[in-house]
Structures are given as C-alpha cells and as structure tokens.
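1. One predicted model, sequence on top.
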Amino acid sequence: MSLLAQTRRLFRIDSSNWDNQLAQAYDLLSTQHGLGESSLYLNFGYWDGATRYDDACQRLAEILGEAAGLGPGCTQLDCGSGFGDAAFYWVERFKPDTIDCLNTSRSQVVKASERARAANLEQRVRLHLGSATQIPFAAASFDRVTALESAHHYNTREDFFREAFRVLKPGGRLATADFLAVEARPKRWLQRLGNKVFGASTANMYPRSGYAQRLENAGFTGVRVESIADKVFAPSVAFARNRLRTREVRARMNPFIRWGWALSLASWAHDEFDYVIAIADKL
C-alpha cells in the first residue's frame, strides 16, 4: 500500500464499532510499521538482558508459553496472534500438536498464513479470522488458550474470559500477557490514554485484583496474576524511542504513524500501568 493510501486509511478509521476499529488499525500496522529487525512482533517484549526488540519479544512469548504449560500433545488457541511470530516460535519451542490462531485483522491473517505455508507449518499453525469475544469454535475444543498482549483490546475482556472458559477442555488453562491500570480507580484521563494509545477498552482498565476476580467470576480456579512491569515498560519505551529515530525505521514507516507513536511515548507515564502474566485453570 502506498504512503498516500495508508495516510488516507489512517484518517478514515471507522470508530462506530470497536472490533472494526481495531481491525482497521491493525490492518494499517503492516509489515512496515514494526520495530523488529528480523521479526514482525508487535508487543512490548520482556527485557531481562535483551538488547534487540526481536529477542525481547521472543522472550515474552517464551514466558507466556511456560506459564501456559505448552507441550507435546496439547491443542492451543492463540487469540490476537498478529503476524504469527509467537505461534511459529511456540510450535518449535514447545511442540504442541496444533495452534489455531484467531485474529480480527484480515491482512495479518493473510500474511501469517503465507508465512506458515513458507515454513511448511500450515498443518500445525492454522490461521482464522474472527473475534475473541465470539470464538468460532465448539465448547471443550482446546487444552490451552493464550493471549499475548491482546486481551486489553477486547470489548470486553470479561467476554473473552467467558469464551476462553467455554472452549477449554476440563483440565485446560488460559494464560495471558496483558496490561492494565495500577490504580484501584483509574482516572478518566488514564482510561482515555489507554483507549487511544493502546486500543484498550475503558472497561478493561482495572488493577490486578480486579483481573483475578473477573477470571474467577468466569469459572476459573487456581488463578495467579503476577506483575512483570519492571521488565517490560521502561526498557521497552526507552528502546522504542531510539528505534523510531533510526534511518531504517524512518525510511519504511508512515510518518504519521511514527510521529503519533513518538508523541505517545514522550507523554506516557508508564508507572500508571501494570503488566501481568496471568494463568487460570478449568477444572
């Protein structure tokens, strides 16, 4: 897509429907608009010694895979799978039988499908267009459900929790890497910031205690919600600020998207947000 076409689409995003708004926004985040050098990840990453964005993002995927208990013989549903990088990593690292990836962005589904075919993984990593709040699979279909930095998008996250519980088999597990508010009662500006900058529904801006309670309300047991914010936000923001200034990124990224990203990073008070790894089991 040309720069002019991208810019036109940027200013014509339909905000009347939440799912459509998110899908259109992520359709614009094409392969030109990530921060990676050798991957198409789109998340904050986990920075416990990483110096490259690709490595930090893969480390976050590893932590979530370990929390989910991925392994041989299990069937996995990954919601909000982006361009498929995490799924391609998981299928090699943890060797689940299959990973079904669900995404509202048609362009990302198409690109991830192409990448799966190119890697001869199309039988094990299967891409689907659909919503995580209306999962298009039968009850008790999966051993594991994961959401790597996507559940904050869902309107609402509680609907996703209920759907995840429905499609999990007895003995299954939901695992998420997610961000939310630190304060018990987030200020309106914080809700608006989460909404506008990160596509987070205002209904999802609550603290860890509220996160755990909503998982339990959906029927889950053994709920654990652990903060990893110190290894996520500050190092990721510092890296992104520098990366956006590089000649390579400036050459390929739409300037309106790059400027908007830079402005949001410059004004963002990351200590107002928390970042968690959450696990919840279905008996």
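-> Perfect, thanks for sending it.

2. Which parts of the stretch 1-150 of the chain are strands?
-> Assigned by DSSP state E, counting those that start in this stretch, the strands in the stretch 1-150 of the chain fall at 75-79, 98-103, 125-129, 142-148.

3. could you give me the average pLDDT of the first one?
-> Meaning strand 75-79. In this model, strand 75-79 has an average pLDDT of 98.

4. circling back to that earlier point, the strands of the stretch 1-150 of the chain: which one's closest to Ala86?
-> strand 142-148 (5.3 Å; C-beta to C-beta). Where C-beta positions appear, they are placed from N, C-alpha and C, glycine not excepted.

5. what helices or strands is the closest one leaning on?
-> When contacts are defined as 3 or more C-beta pairs under 8 Å, 6 or more residues apart in numbering; DSSP states H and E, strand 142-148 sits against helix 53-68, strand 75-79, helix 157-167, strand 168-181.

6. could these go into CSV alongside mean neighbour count and distance to Arg208?
-> Listed next are these as CSV, based on neighbours: other C-beta atoms under 10 Å; distance: least, C-beta to C-beta, whole Å:
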stretch, mean neighbour count, distance to Arg208
helix 53-68, 22, 15
strand 75-79, 25, 20
helix 157-167, 22, 13
strand 168-181, 22, 7
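
7. Dump these into CSV; add distance to Tyr41 as well.
-> Converted to CSV, the helices and strands packed on strand 142-148 look like this (distance: least, C-beta to C-beta, whole Å):
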stretch, distance to Tyr41
helix 53-68, 4
strand 75-79, 13
helix 157-167, 21
strand 168-181, 12
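
8. among the ones you listed, which is nearest Asn254?
-> Judging the helices and strands packed on strand 142-148 by C-beta to C-beta, what sits closest to Asn254 is helix 53-68, at 18.5 Å.

9. coming back round to it: need the winner for burial among the strands of the stretch 1-150 of the chain.
-> strand 142-148 (a mean of 27; mean count of other C-beta atoms under 10 Å).

10. Report the inter-axis angle for it versus helix 157-167.
-> Angle, strand 142-148 to helix 157-167, by axes from the mean of the first three to the mean of the last three C-alpha atoms, to 10 degrees: 160 degrees.

11. would you put the C-alpha positions of strand 142-148 in PDB?
-> Taking C-alpha atoms only, strand 142-148 is exported to PDB below (Å, rounded to 0.1, in the frame of the first residue of the first chain):
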ATOM      1  CA  PHE A 142      -8.600 -26.800  23.300                       C
ATOM      2  CA  ASP A 143      -6.200 -27.700  26.000                       C
ATOM      3  CA  ARG A 144      -4.700 -24.200  26.200                       C
ATOM      4  CA  VAL A 145      -5.900 -20.700  25.300                       C
ATOM      5  CA  THR A 146      -3.300 -17.900  25.100                       C
ATOM      6  CA  ALA A 147      -3.500 -14.200  24.600                       C
ATOM      7  CA  LEU A 148      -0.100 -12.400  24.200                       C
END
